[in-house]
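> I would like the atomic coordinates for the input below:
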Amino acid sequence: MTEPATTDAAATVGQLTCPGCGAEVASDESFCEGCGHVLTPTSSAPTPDRTLEAPITLSRSVRGTIVTDTEDVVSAARPCASCNGVVGADGYCQTCGMKAPRERDHYTEQPSSWVAACCDRGIRHFRNEDATATASDAEPGSRAVLVVCDGVSTSRDSDVASLAGARAARDVLVANKPAGIGVTASRAAAVARALEASAARANAAVIDNTAPDSDNFAACTFVAAVIEQDLIVFGNVGDSRVYWVPDLGQPDPAVELSRDDSVAQERITSGVSREEAEAGPQAHAITKWLGRDSPDFVPRTGSITVTGSGWLLVCSDGLWNYMSEAAGLQKLVTELAVSHPEPLPLAEALVQWACDQGGKDNVSVALARHTGRLTEHDNPVEGEV
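Next up is the predicted model:
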């Protein structure tokens with residue numbers, strides 16, 4: 001993701017080109033990750049002051065209850081993915097020089113059979129600044145929480161801050177099961193207030209994970225969706241998105257639920273075509289974000305009611321860069337679901353598809369499967385549902 005529209009900070013790690021294969025390499029790397037070519041570092045690796053060096057943890061569902069106690073992923077010693085050689089303590093293969101992937105580079109979550117997420121560094125970025133956090137009840141279609149935060153690539157510690165923010169938001173939404181007076185509008189309004197609280201907690205977590213002496217504050221986008229049986233409530237800050245993707249044959253079309261806080265969206269609102277706006281200058285410059293220098297972190301919220309079959313899709317721009325229109329995503333999801341019908345394989349397939357298109361950004365996909373049919377829309381309104 002590109003920087004906030006009001007930020008002019010430069011990247012902290014210079015980008016060079018590998019003389020062996022032409023791939024982009026960081027100025028502090030000793031080996032090319034693409035071909036293993038030996039490089040001569042021209043700068044030292046950054047050593048940020050991090051308050052959270054995050055092991056990846058997964059939410060677990062126990063007998064239909066969302067729980068937040070987590071288990072660390074065991075990072076067992078693994079052989080080199082290229083030659084099966086021994087990976088040294090420095091993270092490079094002692095035989096071919098290939099850099100081993102870090103656990104943060106690619107991870108998956110599956111709190112239940114009907115909910116899953118996949119988060120990946122992509123092809124071109126030096127590190128994975130995306131983050132996902134999910135939770136769900138065990139019973140399909142009951143209740144689930146999907147959160148994606150996309151760190152600003154020019155910001156210090158954005159990889160750590162985005163993960164802290166996503167987890168903080170998820171925990172708020174898990175702990176808060178607001179109940180309205182029973183009607184759909186009241187339920188939606190109650191969940192929307194919880195979404196606002198989760199964004200505030202996520203913003204505080206991002207700030208807490210910004211080095212106090214930094215003049216390049218960590219920043220990230222925020223998008224979250226809660227599905228409670230027939231109701232989906234969502235909110236976003238920045239340009240990570242929520243889509244409702246019904247199965248083909250349903251009477252209602254696929255729809256992009258969230259609305260970006262970005263320069264491109266402002267141009268679309270002024271009458272510029274989506275294709276032109278999303279390909280134009282500063283298309284991915286965001287106008288709202290989470291972080292110490294954020295001018296506004298209150299999410300825009302909205303809701304829909306669903307009763308038919310389809311997918312709730314929450315993603316970073318690493319996916320929608322290559323397929324922005326909801327109808328195109330519906331076709332893509334339908335094609336991939338033929339061989340990947342379950343949420344986790346499908347999330348991984350969507351991430352891999354984005355990488356196959358070029359993988360120019362980190363990629364995050366979170367999915368929840370619903371077995372109903374879209375019956376009505378509550379049009380998103382800024383700040384309320």
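> which phi and psi values does the residue lying farthest from the centre of the chain adopt?
Ranked by distance from the centre of the chain (CA atoms, centre = their mean), the top residue is Thr95, with 34.3 Å. In terms of degrees, to the nearest 10, the main-chain angles of Thr95 are phi -100, psi -50.
> I'd say it and Pro79 touch.
No - applying CB atoms under 8 Å, one finds Thr95 not in contact with Pro79, separated by 9.7 Å. Quick note: C-beta positions are derived from backbone N, CA and C, even for glycine.
> quick check: neighbours shared by those two?
Shared contacts of Thr95 and Pro79, defined by CB atoms under 8 Å, 6 or more residues apart in numbering, are found at Gly85, Val86.
> what about Glu196, which SS state?
Put simply, Glu196 is helix when judged by DSSP: H, G, I helix; E, B strand; the rest coil.
> so how many other residues sit close to it?
The tally of other residues near Glu196 (other CB atoms under 10 Å) stands at 17.
> distance of it from Cys119?
Glu196 is 24 Å from Cys119, where distance means CB to CB, to the nearest Å.
> so who does the closest residue in space to Ala197 that isn't next to it in sequence touch?
The shortest distance from Ala197 to any non-neighbouring residue, by CB to CB, 6 or more residues apart in numbering, is to Val172 (5.5 Å). Each residue near Val172 by CB under 8 Å, 6+ apart is listed here: Ala194, Ala197, Ser198, Arg201.
> pretty sure the second one is in contact with Pro178, am I right?
No - applying CB under 8 Å, one finds Ala197 not in contact with Pro178, separated by 9.6 Å.
> mind checking pLDDT for the closest residue in space to Cys93 that isn't next to it in sequence?
Nearest residue to Cys93 in three dimensions, chain neighbours excluded: Cys80, at 3.8 Å (CB to CB, 6+ apart). You'll see Cys80 listed with a pLDDT of 77.
> ok, now the one 10 residues further on?
The pLDDT attached to Asp90 in the predicted structure is 79.
> sorry, back to before: who's more crowded, Ala197 and Pro178?
Between Ala197 and Pro178, Pro178 has the larger neighbour count (other CB under 10 Å), namely 19 against 16.
> where in the stretch 251-385 of the chain is pLDDT low?
Applying pLDDT under 70 to the stretch 251-385 of the chain flags residues 372-385.
> give me that answer again for 90
Along the stretch 251-385 of the chain, segments meeting pLDDT under 90 span 251-253, 265, 268, 274-275, 278-284, 295, 306-308, 371-385.
> element containing Ala135?
Per DSSP states H and E, Ala135 falls inside strand 130-136.
> and Leu332, its phi and psi?
When read as degrees, to the nearest 10, the backbone of Leu332 gives phi -60, psi -50.
> neighbours around the closest residue in space to it that isn't next to it in sequence, how many?
Of all residues not flanking Leu332 in the chain, Met323 sits nearest, at 5.7 Å (CB to CB, 6+ apart). Met323: 19 surrounding residues under other CB under 10 Å.
> Met323 against Gln330, yeah?
No - Met323 lies out of contact with Gln330 (CB under 8 Å); the separation is 9.7 Å.
> next, show the common contact partners of these two.
Residues within reach of Met323 and of Gln330 at once, by CB under 8 Å, 6+ apart: there are none.
> residues contacting the nearest residue to Ala168 once chain neighbours are set aside?
The shortest distance from Ala168 to any non-neighbouring residue, by CB to CB, 6+ apart, is to Ala205 (3.9 Å). By CB under 8 Å, 6+ apart, the residues touching Ala205 are Ala161, Ala164, Gly165, Arg167, Ala168.
> in this structure the first one contacts Ala202, no?
Put plainly, it is Ala161. No - between Ala161 and Ala202 there is no contact under CB under 8 Å: 9.4 Å.
> got the phi and psi for Arg300?
Torsion angles at Arg300 (phi, psi; degrees, to the nearest 10) stand at phi -80, psi 130.
> same question, the one 10 residues further on
Torsion angles at Gly310 (phi, psi; degrees, to the nearest 10) stand at phi 170, psi -170.
> and the next element down the chain from the helix or strand hosting Thr334?
In the assignment (DSSP H and E), Thr334 maps to helix 326-339. Where DSSP H and E defines the elements, the next helix or strand beyond helix 326-339 is helix 343-356.
> confirm Glu275 sits in a helix?
Yes - the assignment for Glu275 (three-state DSSP) places it in a helix.
> what's the burial count for the residue nearest to Cys93?
Close neighbours of Cys80, defined as other CB under 10 Å, add up to 20.
> and if you look at Ser113?
Counted with other CB under 10 Å, residues neighbouring Ser113 total 15.
> for it, which non-adjacent residue is closest in space?
Pro140 is the one closest to Ser113 (CB to CB, 6+ apart), at 6.6 Å.
> ditto for Ile268
Spatially, and ignoring its direct neighbours in sequence, Ile268 is nearest to Ala277 (4.8 Å; CB to CB, 6+ apart).
> my read is that that neighbour contacts Asp260, right?
No - Ala277 is beyond contact range of Asp260, at 9.9 Å (criterion: CB under 8 Å).
> relative to Tyr92, how far out is Lys99?
Here the criterion is CB to CB. By it, Lys99 lies 5 Å from Tyr92.
> count of neighbours near Ala185?
Per other CB under 10 Å, the neighbour tally for Ala185 reads 12.
> quickly find the element holding it.
Using DSSP H and E, Ala185 sits within helix 184-208.
> avg pLDDT for that helix?
Mean pLDDT, computed over helix 184-208, is 95.
> nothing else from me, thank you.
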